[in-house]
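Enquirer: A structural model of the following input is requested.
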Amino acid sequence: MSHKRIEINPEIMGGKPVIRGTRIPVETILRKLGAGMTSDAIMADHPRLAHEDVLAAQAFAADYLADEDLVYG
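Expert: Got it, this is the predicted structure:
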């Protein structure tokens, strides 16, 4: 799984996935989307973000979940 807009570095935000070149965690973007914020509103909160960064955060999360093992019971 390779995402050119996502960076994982133990020296940045404790190794959480962030948008490359920022300290904005993918989690923050996903939580804001989940709360009903639009991409435009998120970018207004974080002017260094581009629309492609928001899409990259969603794609990263989808790929991460696709690799998870499911446990039933």
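
Enquirer: Do you know the pLDDT at I24?
Expert: With respect to pLDDT, I24 has a value of 98.

Enquirer: try the one 4 residues further on
Expert: On pLDDT, T28 comes in at 98.

Enquirer: can you check G73 too?
Expert: Note on G73: pLDDT of 61.

Enquirer: Going forward, the N-terminal residue is numbered 8.
Expert: Happy to do that; since the first residue is 8 now, the last one works out to G80.

Enquirer: ok, and for the strand or helix carrying L62, which residues are buried?
Expert: According to DSSP states H and E, L62 maps onto helix 58-73. Neighbour counts over helix 58-73 (16 or more other Cβ atoms under 10 Å) mark D60, V61, A63, A64, A66, F67, A68 as buried. Quick note: C-beta positions are derived from backbone N, CA and C, even for glycine.

Enquirer: Can you redo the residues you listed as TSV, where the extra columns are distance to G28 and pLDDT?
Expert: What follows is these, written out as TSV (distance: Cβ to Cβ, whole Å; pLDDT from 0 to 100):
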residue	distance to G28	pLDDT
D60	10	98
V61	15	98
A63	12	97
A64	14	98
A66	17	96
F67	15	96
A68	19	95
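
Enquirer: And those, which is closest to G41?
Expert: A68 (10.4 Å; Cβ to Cβ).

Enquirer: surely the closest one meets I36?
Expert: No: checked against Cβ atoms under 8 Å, the pair A68 and I36 is beyond contact range at 9.0 Å.

Enquirer: the strands in the protein, which residues?
Expert: 13-14, 25-26 (DSSP state E).

Enquirer: Out of the ones you listed, flag the one nearest S46.
Expert: strand 25-26 (12.9 Å).

Enquirer: Give me the contacts around the helix holding L62.
Expert: Residues outside helix 58-73 that contact it (Cβ atoms under 8 Å, 6 or more residues apart in numbering): 8, 10-13, 24, 26, 31, 33, 36-37, 40, 46, 49-50.
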